[in-house]
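# quick one: sequence and predicted model below, then my questions.
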Amino acid sequence: MHPALTHWQVHDGCLQVGDQSLRQLSDRIGQTPFFAYERRALDERIAKLRRELPSKLHLHYAIKANPMPAVVQHLRPLVDGFDVASAREMLTALDTGMRADSIAFAGPGKTDAELGQALAAGVLIELESEGELQRLADLAARTGYRPRVAIRINPDFELKGSGMRMGGGAQQFGVDVERVPQLMSVITGQGLSLEGFHIFAGSQNLRADLIVEVQQKSAALALRLAENMTEPLRYLNLGGGFGIPYFPKDQPLDLARVGEQLTLLVDEIAGRQPRAEIVVELGRYIVGEAGIYVTRIIDRKESRGQIFLITDGGLHHQLAASGNFGQVIRRNYPLAIGNKINQEPTEIASVVGCLCTPLDLLGERCELPAAEVGDLVVVFQSGAYGLTASPTAFLSHPFPVEVLV
């Protein structure tokens, strides 16, 4: 198995999910494909974060990574807050009983309706533009609700080595740092209270040194801007970007190193801005390795010397595993025949989905044990950006099930 998958248990040659075999879970669900997320894996990941990161740090879960209500509900007592990127995610967060003042709403395209819902709920609204501020101020004047606001900053640096760049250069995300002082003045002129800043420079990064560097730059930038605030800094979101290993050469993030440096940084910020709530928002790092995607082989065929295992799933459920969600050069996610997990590879086969497109490829030329119709293919690292990041309506196939076990 892939070295990042050692936390998964195996019994009698079959993958164990929670306290049951993959076969039993499949029979219980009654259909394939499905996504399964492990409570134990979520608990262990949060416990690791609590051990390695400073106790003064507020840990938020970014719901966009996996908005399944059962997952969010399970995480509610384990984290300090939620980050949301739509009104629907906000409602999911509020349904858990999380306090509104522990929920932050970011995103570059908030509609007036969403801003109105956020105003009424009392969540922190992270402003992404001057126009958004004006619309929010107008809504506040009409409704009488007092908004809680922070500024999402597009910094003049980026998190190098990231899967997706979210800061530096021209971006749809956040307010360019050179425009922030003017926006701060407008906020004050509107009679609104600025609570702080959110700086998110990149995602899916496995380099502790690069994450540490960008956190230090982010803190320095926020502290410099805070000198011109009319009230003390109360909120500082340093972003996230913690990655997980997907491919054979990937090395897991050295979380201990990140934690050591964050401890020093948090102490420094607290010394200068003692009222500041310092936040790290994590999504993929919390849920990504806790989930699997399971699909059944419905046909086995040979074409000009190459074996194809055709499944009832595909990219319409797990777009990222197909390589069509940000990969420049396509590489296989870790994949196995879940009911033959201990058997030695005996053939090279490609695992494909049921869609009428050559893009529907879950595993290209994988070394696998001989697989037959009815066997269960497991795509690991599927807990984040799986179902809700995929084109589920494409070709109108049935919707998969999600379970938390």
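Okay, I see it.
# following the helix or strand of the chain with the lowest mean pLDDT in sequence, what is the next regular element?
Ranked by mean pLDDT, DSSP states H and E, the helix or strand of the chain with the weakest confidence is strand 164-165, at a mean of 54. Beyond strand 164-165 on the C-terminal side, the first helix or strand identified by DSSP states H and E is strand 175-176.
# pull the distance from that next one to the chain's centre.
23 Å (CA atoms, centre = their mean, to the nearest Å).
# need the next SSE after the helix or strand Ile46 falls within, C-terminal direction.
In the assignment (DSSP H and E), Ile46 maps to helix 39-52. Downstream of helix 39-52, the first helix or strand assigned by DSSP H and E is strand 58-62.
# what lines up beside that next one in the sheet?
strand 81-84 (parallel), strand 277-282 (parallel) (DSSP bridges).
# what's the burial count for the residue lying closest to Ala70 once chain neighbours are set aside?
Closest residue to Ala70 apart from its sequence neighbours, by CB to CB, 6 or more residues apart in numbering: Leu404 at 4.3 Å. For the C-beta atoms, the positions are set from N, CA and C on the backbone; glycine is no exception. A count of neighbours around Leu404, defined by other CB atoms under 10 Å, yields 18.
# for Leu404, name its beta-bridge partners.
According to DSSP bridges, beta-bridge pairing links Leu404 with Tyr37.
# that one contacts Pro69, doesn't it?
No: counting by CB atoms under 8 Å, Leu404 sits too far from Pro69 to count as a contact (9.4 Å).
# in the stretch 301-405 of the chain, which spans are strands?
Using DSSP state E, counting those that start in this stretch, the strands of the stretch 301-405 of the chain run over 306-311, 335-337, 347-352, 361-368, 376-379, 401-404.
# low pLDDT regions in the chain?
1-5, 158-173 (pLDDT under 70).
# 80 instead?
1-6, 157-174, 201-202, 326, 328 (pLDDT under 80).
# let me see the domain layout of it.
3-37+289-404, 106-282 (automatic domain parsing).
# in JSON lines, list the ones you listed along with distance to Leu59.
Shown next, in JSON lines, are the domains of the chain (distance: least, CB to CB, whole Å):
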{"stretch": "domain 3-37+289-404", "distance to Leu59": "16"}
{"stretch": "domain 106-282", "distance to Leu59": "6"}
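# could you point out which of these sits nearest Arg50?
domain 106-282 (10.0 Å; CB to CB).
# hang on, the earlier thing: quick one: closest of the domains of the chain to Val79.
domain 106-282 (8.7 Å).
# how long is that closest one end to end?
14 Å (CA to CA, to the nearest Å).
# please report phi then psi for Ala270.
Backbone torsions of Ala270, given as degrees, to the nearest 10, read phi -60, psi -30.
# give me the number of residues near the nearest residue to it once chain neighbours are set aside?
Once flanking residues are discounted, Ala270 sits nearest to Lys56: 6.6 Å by CB to CB, 6+ apart. Residues lying near Lys56 (other CB under 10 Å) number 13.
# now Arg39
The burial count for Arg39: 16, using other CB under 10 Å.
# do the same with Gly13
14.
# what about the residue nearest to it when sequence neighbours are not counted, how many residues nearby?
In this structure, Gly13 finds its nearest non-sequential neighbour in Asn342, 4.6 Å apart by CB to CB, 6+ apart. Asn342 sits with 13 neighbouring residues when counted by other CB under 10 Å.
# state the distance from Asn342 to Asn154.
Going from Asn342 to Asn154 by CB to CB, to the nearest Å gives 49 Å.
# the helix or strand hosting Arg23 packs against which elements?
Taking DSSP H and E as the criterion, Arg23 maps to helix 22-29. On a contact count with 3 or more CB pairs under 8 Å, 6 or more residues apart in numbering; DSSP states H and E, helix 22-29 meets strand 14-17, strand 291-303, strand 376-379, strand 401-404.
# got a markdown table for these, with distance to Val279 too?
Formatted as a markdown table, the helices and strands packed on helix 22-29 follow (distance: least, CB to CB, whole Å):
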| stretch | distance to Val279 |
| --- | --- |
| strand 14-17 | 32 |
| strand 291-303 | 24 |
| strand 376-379 | 31 |
| strand 401-404 | 25 |
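# buried set for the host helix or strand of Glu260?
Taking DSSP H and E as the definition, Glu260 sits inside helix 255-272. Within helix 255-272, the residues that qualify as buried are Leu255, Val258, Gly259, Glu260, Gln261, Leu262, Thr263, Leu265, Val266, Ile269, counting by 16 or more other CB atoms under 10 Å.
# still on that earlier bit, buried sites along the helix holding Ile46?
Arg39, Ala41, Leu42, Arg45, Ile46, Leu49, Glu52.
# show me what contacts the fourth one?
In this structure, Arg45 makes contact with Tyr285, Ile286, Val287, Glu289, Ala290, judged by CB atoms under 8 Å, 6 or more residues apart in numbering.
# any chance of those residues in a markdown table, plus neighbour count, distance to Ile297 and secondary structure?
Output for those, formatted as a markdown table (neighbours: other CB atoms under 10 Å; distance: CB to CB, whole Å; DSSP: H, G, I helix; E, B strand; the rest coil):
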| residue | neighbour count | distance to Ile297 | secondary structure |
| --- | --- | --- | --- |
| Tyr285 | 26 | 31 | helix |
| Ile286 | 29 | 31 | helix |
| Val287 | 29 | 27 | helix |
| Glu289 | 26 | 24 | helix |
| Ala290 | 24 | 24 | helix |
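# farthest pair within those?
Farthest pair in these, by CB to CB: Tyr285 and Ala290, 10.4 Å.
# endpoint to endpoint, stretch 366-379 covers what distance?
Stretch 366-379 end-to-end distance (CA to CA) = 12 Å.
# tell me the buried residues in it?
Cys366, Leu368, Pro369, Ala371, Asp375, Leu376, Val377, Val378, Val379.
# which of those residues sit farthest apart?
The widest separation within those (CB to CB) is 16.2 Å, between Pro369 and Val379.
# and the residue nearest to Arg284 when sequence neighbours are not counted, backbone torsions?
Nearest non-adjacent residue to Arg284, counting by CB to CB, 6+ apart: Ala384, 4.1 Å away. Per-residue torsions, Ala384: phi -130, psi 140 (degrees, to the nearest 10).
# hang on, Ala384 packs against Tyr293?
No: with contacts counted by CB under 8 Å, Ala384 stays clear of Tyr293, the gap being 11.5 Å.
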